[in-house]
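# mind looking at a prediction? Sequence and model below.
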Protein chains: 4
Amino acid sequence: MRSKESAIILISCPDKKGIVFKISHFIYANNGNILRSDQHADEESGTFFMRIEWDLDGFAIEKNKIIKAFEPIAAEYCMNWQLHFSAKQQRTALFVSKMDHCLYDILLKAKEGEIATDVVCIISNHESLGTIAQYFGIPFFVFPKTKQNKLQQEQKELALLKDLDIDCIVLARYMQILSANFVLHYPYQIINIHHSFLPAFKGAKPYHQAYQHGVKIIGATSHYVTELLDQGPIIEQDVIRVSHKDSIDDIIRKGKDIEKLVLSRALKKHLEHKVLVYANKTIVFE
Amino acid sequence: MRSKESAIILISCPDKKGIVFKISHFIYANNGNILRSDQHADEESGTFFMRIEWDLDGFAIEKNKIIKAFEPIAAEYCMNWQLHFSAKQQRTALFVSKMDHCLYDILLKAKEGEIATDVVCIISNHESLGTIAQYFGIPFFVFPKTKQNKLQQEQKELALLKDLDIDCIVLARYMQILSANFVLHYPYQIINIHHSFLPAFKGAKPYHQAYQHGVKIIGATSHYVTELLDQGPIIEQDVIRVSHKDSIDDIIRKGKDIEKLVLSRALKKHLEHKVLVYANKTIVFE
Amino acid sequence: MRSKESAIILISCPDKKGIVFKISHFIYANNGNILRSDQHADEESGTFFMRIEWDLDGFAIEKNKIIKAFEPIAAEYCMNWQLHFSAKQQRTALFVSKMDHCLYDILLKAKEGEIATDVVCIISNHESLGTIAQYFGIPFFVFPKTKQNKLQQEQKELALLKDLDIDCIVLARYMQILSANFVLHYPYQIINIHHSFLPAFKGAKPYHQAYQHGVKIIGATSHYVTELLDQGPIIEQDVIRVSHKDSIDDIIRKGKDIEKLVLSRALKKHLEHKVLVYANKTIVFE
Amino acid sequence: MRSKESAIILISCPDKKGIVFKISHFIYANNGNILRSDQHADEESGTFFMRIEWDLDGFAIEKNKIIKAFEPIAAEYCMNWQLHFSAKQQRTALFVSKMDHCLYDILLKAKEGEIATDVVCIISNHESLGTIAQYFGIPFFVFPKTKQNKLQQEQKELALLKDLDIDCIVLARYMQILSANFVLHYPYQIINIHHSFLPAFKGAKPYHQAYQHGVKIIGATSHYVTELLDQGPIIEQDVIRVSHKDSIDDIIRKGKDIEKLVLSRALKKHLEHKVLVYANKTIVFE
């Protein structure tokens, strides 16, 4: 594990000659050392994507002046761009309902440093997982929801999230649909795990749907939440074999292990600023 | 590879005490030795499924009298049942269009004896794969189809298939939809390969659909053909990872390898009488 | 989940005509209903293996008289056999050192009922995981080991395990090698997880070995512990892709997820009496 | 599929500030457009690896002058480097013995353009696959080998390969060990497929070894041939599940499908100049 601090720039822009040169010149001229660089060009649309990370040790520009210094290059190439610093732990809120497998998985991986984030709070529509929050020493908030009070409860949640300065929301098997308004506050910052191989089996009870269809493989999908249910950009998917011998209970049990793998991988990529969204799809840098 | 001849009985019936006993008694009392036996009980519907295979060497009942001898047991338990003999090579017709990867794969595996079948003919709506048929020494028939002549051409195909005493039809990337009438002549005897992870991406251009959706895994599905397009009972599925770096051409290329694996596995299971259909799903014995 | 109680017989014996008949007759004649039956014949050695499970509801023989009643059949066919009852939860001891990922995984799956066992105690050579034991309410015993005291400490462990009536021992990343004497007390009852795709990378630091070799896939192996280090019969294996981009830390992190999957699957199969050992290999019924 | 011609530079050198800048400046200053760029830094050894590909359309330097023009940059950074042109089809020789599955797979993929190469000849120690060579219209040469004549035959093979201006040799299940002398003529240009998950089961009959060990997963490994048998840098590996039900014949059959996948993927990467060797391991760019 590297302890040095680094800066990360994420870029998407029309593909043009000289982009890599200009960016690498910016870093080199200011005495930076590139640690990683990944790029992708979408030939269809002529769009260029890049993630470049450089060592801040000895870098000539102060952290809070990098944005201004880079702005002319960004303007010249019409870039959509973000600047991140590796030392800044993102602040995450976990949303859960009654199932605890994804919750435990993320909390344990965060504790081990395998997923680098501060889990600032756990929010639920049920009391039941409060003891887990307590064990891990994380504040737990309950906002029970009904059709009637949903939007009001969301207002309270949004206020809390703002208060806590949350960067990233993880729906770790949260069994409530967030309103379009809620989602708009955190564009491509809310990550869901859906327990099917999307786009197959959207919506409720996907394992039951899979069982009814007699599929031979089941899956899980982690995606950004958008206003369209289970249709946001897919970050990660994985699958596991099932057979006629597997009951619904077996399918659910096998699926839970896959959900954990998929959600934690997607979250890790997101927190490392390795995911770019474009045309409702993701570029996920290695 | 065993050279002995064996008999195989496939059964589905209401689950009841004594089925295994009665069947094993039938075999034992007639001096048969069970080679393999697989069973499955669907608890939901209370249905029992079995595949039992025994050595015919020394078996007391002549092959052509087994049906009559077993009939009383079948009647007692209201069995749906089939009797097969391992020595009987099934006669297969391959339907193809212009893509040759699945065709080569099946022909080569049949030649090696990895898939035990007589490939009796290759039927196409195009001339283009005729040279492959010639190389393998297999009769090649062309029935070009238009909206207008489709049903007439199918009549000719059906006549030919009957003439050739075909047991099994494989749609090895055959790009024509068979009419419901055609399908009815070969219930659960027509095997298709669809180049998606069904039920996702039914119908035309599934790889393009997968690309548009930005899925991280693509798949292929082999299923029995029914009158509902791409909705017949699934026999086998498999998948492969893709990423944002994969163009449509990459996805098609990667997918072709998976199609071959899935189709050849499904066909092998079918020809070994290891597939039972129930409630539009399959029981696939190992 | 079925609540009925069932009996399970596991058999290995020379393959001969009539075995299935005799066993199914035994069950049928005593008014039992077969719930599952799996068999396997090893053609090379002519050995027959079977696992048969039947409903005890209405079964004519009392549980404690089944052994005696079945003995004549077992004797006739020279069977190695075991009788188990589904209602008997096996009593498990978990051995751990400092890593907690497999420990959490098993405890959480046991709590959910996904792995059916009573985790009776956690034994460690270190204090560090005691708080986890406490959280789950499971007695925690520490036996620190040095070269000098190892055999004495093992004597204390063996005494404790006997006291607690332990059926199954799980080495959940326990970083001490058990003596041959210890192992002999629990033949095919001790399950280990080794963090490589055995037989590659036996012994210490398998992930470092994998990294040095530049393999493109890493794995984990769960096996019964025998007196030969990392050479006992393999129960389950699984793998995950790695690349040149993965550091040792990445490999360890990815591997941990696979270890959990493999160990929990192996343990589940063992506890459901679905594993038979033969010629240092396993038959694992589905 | 892009039809434009591109240039590719592969680099390894000590990691230092400014490498990316200098290279991208070289391309930009000469009016080149970067199509793909992948890099990797090995932190342990402080080594930098890069593959950069740019469009030659409009590039200011003539193809045959690029080496000289780039030399000063290469010298400054002590680069090991290679220049390739996408338009140059590499000339491949396939070595085979009696098994045809990998041979067919490569020939069919080459014919489809999925693997971009000219298969210039097929060399064998047996006559048996000559008809396949004939069908594909590729010259076939037979060099039978005995312990006595091996080195002489290799001299003839080397002469032939030189005559035919071969860039790449594929051992497509060639069952003869090449001498160290032979290998030295084609450093990291000879690709082998070994039918095990290396480093497990080196040498002869790996599937039989796997069967004896009772592994639950088998694999195949494609690697560069070095003078140490089955120990050259691994390019690609893949695996498939097996169980106690699989006989040796089943394992061989399942393995053959994996061999084809692994070898064709490795060959494709090699031919696209995406593989760099370092410390007996490979960097394989996506």
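Happy to help now that I have it.
# which residue packs closest to whichever residue of the stretch 101-250 of chain A sits closest to chain D, ignoring adjacent ones?
For the stretch 101-250 of chain A, the residue closest to chain D is residue A:241, as judged by C-beta to the nearest C-beta, at 8.2 Å. Any C-beta I mention is one placed from the backbone N, CA and C, and that applies to glycine too. Once flanking residues are discounted, residue A:241 sits nearest to residue A:217: 5.6 Å by C-beta to C-beta, 6 or more residues apart in numbering or on different chains.
# burial count for the residue of the stretch 101-250 of chain A closest to chain D?
Residue A:241: 14 surrounding residues under other C-beta atoms under 10 Å in any protein chain shown.
# got it, and residue A:151?
For residue A:151, the count of nearby residues is 12 (other C-beta under 10 Å).
# got the residues of chain A near chain B?
For chain A, the residues in contact with chain B (C-beta under 8 Å from any C-beta of the partner chain) are A:40, A:43, A:197-201, A:213-217, A:219, A:233-239, A:243-245, A:247, A:279-284.
# from the residues you listed, which land in helices?
Those of the residues of chain A next to chain B mapping onto helices are residue A:213, per DSSP state H.
# ok, the closest residue to residue A:174 other than its chain neighbours to chain B distance?
Leaving aside its sequence neighbours, residue A:174 sits nearest to residue A:95 (C-beta to C-beta, 6+ apart; 3.9 Å). Going from residue A:95 to chain B by C-beta to the nearest C-beta, to the nearest Å gives 23 Å.
# residue contacts, residue A:95?
By C-beta atoms under 8 Å, 6 or more residues apart in numbering or on different chains, the contact set of residue A:95 is A:122, A:123, A:124, A:169, A:170, A:171, A:172, A:174.
# and it, bridged to which residues?
Applying DSSP bridges to residue A:95 gives these bridge partners: residue A:123, residue A:171.
# give me the pLDDT value at it.
pLDDT, residue A:95: 98.
# can I assume residue A:25 sits in a helix?
Yes. According to DSSP: H, G, I helix; E, B strand; the rest coil, residue A:25 belongs to a helix.
# what helix or strand is residue A:121 on?
Using DSSP states H and E, the element containing residue A:121 is strand A:117-124.
# which other helices and strands contact that strand?
Judged by 3 or more C-beta pairs under 8 Å, 6 or more residues apart in numbering or on different chains; DSSP states H and E, strand A:117-124 is in contact with strand A:90-96, helix A:101-111, helix A:130-136, strand A:140-142, helix A:150-163.
# again, 6 Å this time
strand A:90-96, strand A:140-142 (3 or more C-beta pairs under 6 Å, 6 or more residues apart in numbering or on different chains; DSSP states H and E).
# and that strand, how far out from the chain's middle?
14 Å (C-alpha atoms, centre = their mean, to the nearest Å).
# got a list of contacts for it?
For strand A:117-124, the external contacting residues (C-beta atoms under 6 Å, 6 or more residues apart in numbering or on different chains) are A:89-96, A:110, A:133, A:138-142, A:164, A:271.
# equivalent analysis for stretch A:15-24, please.
Contacts of stretch A:15-24 with the rest of the structure, by C-beta under 6 Å, 6+ apart, involve A:41, A:46, A:48, A:73, A:77, D:20, D:21, D:24, D:25, D:28, D:33, D:34.
# and residue A:105, how many residues sit next to it?
26.
# secondary structure class for the nearest residue to it once chain neighbours are set aside?
Distance criterion C-beta to C-beta, 6+ apart; nearest residue to residue A:105, sequence neighbours excluded, is residue A:260 at 4.1 Å. For residue A:260, the secondary-structure state derived from three-state DSSP is helix.
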